[in-house]
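Trainee: here are the coordinates; sequence isn't available:
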Ligand SMILES: [Zn+2]
């Protein structure tokens, strides 16, 4: 049973360093592959996503990906 084939979702990143950071804005696409008109941000540390960068820093993110 193979379950480890989904590690190539975000292209070129340096997640191997282990340093959490905020990625984005990342364009959001619906299930048809069309741009929804929204962008979102994602923390590489805890994987949480939000529509605004500050939402990650102000509550969503539990690691230090958002910086000071
Ligand atoms: Zn985080």
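Mentor: Right, received. Where do you want to start? What you see is a predicted model, and the numbers here were worked out from it, not measured in a lab.

Trainee: from here on, contacts and neighbour counts on C-alpha atoms
Mentor: Will do.

Trainee: which residues are contacting the helix or strand of the chain with the lowest mean pLDDT?
Mentor: None of the helices or strands of the chain scores lower by mean pLDDT, DSSP states H and E than helix 53-55, at a mean of 88. With C-alpha atoms under 8 Å, 6 or more residues apart in numbering as the test, helix 53-55 has contacts from 22, 40-41.

Trainee: Kindly supply the ChimeraX command isolating those of these that are buried.
Mentor: Of these, the buried ones go into a single ChimeraX selection, burial set by 16 or more other C-alpha atoms under 10 Å:
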select :22,41
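
Trainee: Count residues in the vicinity of the residue nearest to residue 35 when sequence neighbours are not counted, would you?
Mentor: With C-alpha to C-alpha, 6 or more residues apart in numbering as the criterion, residue 35 has its nearest non-adjacent residue at 4.5 Å, and that residue is residue 29. Applying the criterion other C-alpha atoms under 10 Å, we find 13 residues in the vicinity of residue 29.

Trainee: same deal with residue 57?
Mentor: Applying other C-alpha under 10 Å, we find 19 residues neighbouring residue 57.

Trainee: which SS class is it?
Mentor: helix (DSSP: H, G, I helix; E, B strand; the rest coil).

Trainee: Roughly how far does it sit from residue 44?
Mentor: 13 Å (C-alpha to C-alpha, to the nearest Å).

Trainee: how deep is residue 42 tucked in, by neighbour count?
Mentor: Neighbours of residue 42 using other C-alpha under 10 Å come to 23.

Trainee: Same question for the one 10 residues further on.
Mentor: Other residues within reach of residue 52, judged by other C-alpha under 10 Å, total 14.
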